[in-house]
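Chemist: With the input below, show me the fold.
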Amino acid sequence: MSLRTETDHGSGVALVTLDRPERLNAIDPETAAGLAAAWRAFRYDDEVRAVVLTGAGGRAFCTGIDRSAEVPQPSSPYTIDDPLLAIGPKANDLWKPVIAAVEGMACGGAFYLLGESEFVVASEAATFFDPHTTYGMVSAYEAIAMAQRMPFGEVARMSLMGTAERITARRAYEIGLVGEVTAPGDAVAAALRSAEVIASYPTEAVQGTVRAVWSAKEAARAQALAHAPHLIALGNLPPERQTELFQGRGGGGFRLR
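Modeler: As a prediction, the model looks like this:
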């Protein structure tokens, strides 16, 4: 099973765990479908009032799309099937609060999930980076998601530097991507504590607050997302060339900041 869901009915908190540690919790079509189904199920489960999302194994929260998985694409140049577009809670119309707990790497398509979480808790061992440009891909959806959370220059730097630079948890806290930094291994426990507090409040008020916060930026986000498919279609290298770059990644150093 690529996804685990546990609910503490006493506290009203659900824990969702990406459970593919051998693939650094990269998302294949099965996992993508499981996430979408989980968010939709939580909409109807009144016993769940807050959710914590994390990744198994400690080495990574999520490393985006699993490049070993086959994702069929339509032949039309005007259509791209992106299996990650529907993996987030907001994409599935879930307005119960979601807290992301990050241990290890969070990169690339992980930002679809971080971008639709209310806030992020990260351990000191967490790192954040966006490898798209390194492998000849446009960072569109990911950069747009992070532009809602980080200063413009920080988003641009992370998106353009690719694999050459990784943001530490401390730096992520300084720029507003992360709301709390914990000792290694403690991110889930800290996120659960926050979720339990939130779940103890009247859920109608909590969900209304979530909607209000998101409405403050929804117009700009929707407008930016409308451009994403065209930018990807124009700027991405052919898949076979992307694969060559990905397979040829070597031991080149990267910088932490």
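
Chemist: Wait, a helix at Ala91?
Modeler: Yes - the assignment for Ala91, made by DSSP: H, G, I helix; E, B strand; the rest coil, places it in a helix.

Chemist: That one: neighbouring residues, count only.
Modeler: Residues within reach of Ala91, counting by other C-beta atoms under 10 Å, total 15. C-betas here are computed from N, CA, C, even on glycine.

Chemist: Please name the residues that touch it.
Modeler: By C-beta atoms under 8 Å, 6 or more residues apart in numbering, the contact set of Ala91 is 36, 39, 85, 116.

Chemist: any idea which of those residues is the one closest to Thr243?
Modeler: Leu85 (21.7 Å; C-beta to C-beta).

Chemist: Which residues are in contact with that closest one?
Modeler: By C-beta under 8 Å, 6+ apart, the neighbours of Leu85 are 91, 112, 141.

Chemist: picking that back up, would you point out the most distant pair within the contacts of Ala91?
Modeler: Trp39 and Leu85 (12.9 Å).

Chemist: helices and strands around the helix ranked longest in the chain, which ones?
Modeler: In the chain, with assignment by DSSP state H, the single longest helix is helix 218-235. Counting by 3 or more C-beta pairs under 8 Å, 6 or more residues apart in numbering; DSSP states H and E, the packing neighbours recorded for helix 218-235 are helix 141-147.

Chemist: in the longest helix of the chain, what counts as buried?
Modeler: 221, 224, 228-229, 232 (16 or more other C-beta atoms under 10 Å).

Chemist: just to revisit the earlier point, by neighbours, which of the contacts of Ala91 wins?
Modeler: Most surrounded of the contacts of Ala91: other C-beta under 10 Å gives Trp39, at 24 neighbours.

Chemist: Roughly how far does it sit from Arg23?
Modeler: Trp39 sits 21 Å away from Arg23, going by C-beta to C-beta, to the nearest Å.

Chemist: how about low-confidence regions in the stretch 1-150 of the chain?
Modeler: The model of the stretch 1-150 of the chain has pLDDT under 70 over residues 70-75, 77-80.

Chemist: For stretch 104-111, output the C-alpha coordinates as CSV.
Modeler: What follows is stretch 104-111, C-alpha atoms only, in CSV (Å, rounded to 0.1, in the frame of the first residue of the first chain):
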residue,chain,number,x,y,z
GLY,A,104,14.2,14.8,4.9
MET,A,105,13.8,16.0,1.3
ALA,A,106,10.8,17.8,-0.1
CYS,A,107,11.3,18.7,-3.7
GLY,A,108,9.6,19.1,-7.1
GLY,A,109,6.1,17.8,-7.0
ALA,A,110,6.1,17.8,-3.2
PHE,A,111,5.2,21.5,-3.6
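
Chemist: which regions of the stretch 151-257 of the chain lie under the pLDDT threshold?
Modeler: If you take pLDDT under 70 as the line, the stretch 151-257 of the chain has these spans: 250-254.

Chemist: how about the strands in it?
Modeler: Ranges of strands in the stretch 151-257 of the chain, per DSSP state E, counting those that start in this stretch, are 165-168, 180-182, 255-256.

Chemist: Could you dump those into TSV and include distance to Ala32 and mean neighbour count?
Modeler: TSV is the format used below for the strands of the stretch 151-257 of the chain (distance: least, C-beta to C-beta, whole Å; neighbours: other C-beta atoms under 10 Å):
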stretch	distance to Ala32	mean neighbour count
strand 165-168	25	20
strand 180-182	28	21
strand 255-256	30	10
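
Chemist: In a markdown table, list those strands along with distance to Leu15.
Modeler: Shown next, in a markdown table, are the strands of the stretch 151-257 of the chain (distance: least, C-beta to C-beta, whole Å):
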| stretch | distance to Leu15 |
| --- | --- |
| strand 165-168 | 25 |
| strand 180-182 | 16 |
| strand 255-256 | 29 |
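
Chemist: and Glu244, which of these is closest to it?
Modeler: The nearest among the strands of the stretch 151-257 of the chain, by C-beta to C-beta, is strand 165-168 at 22.6 Å.
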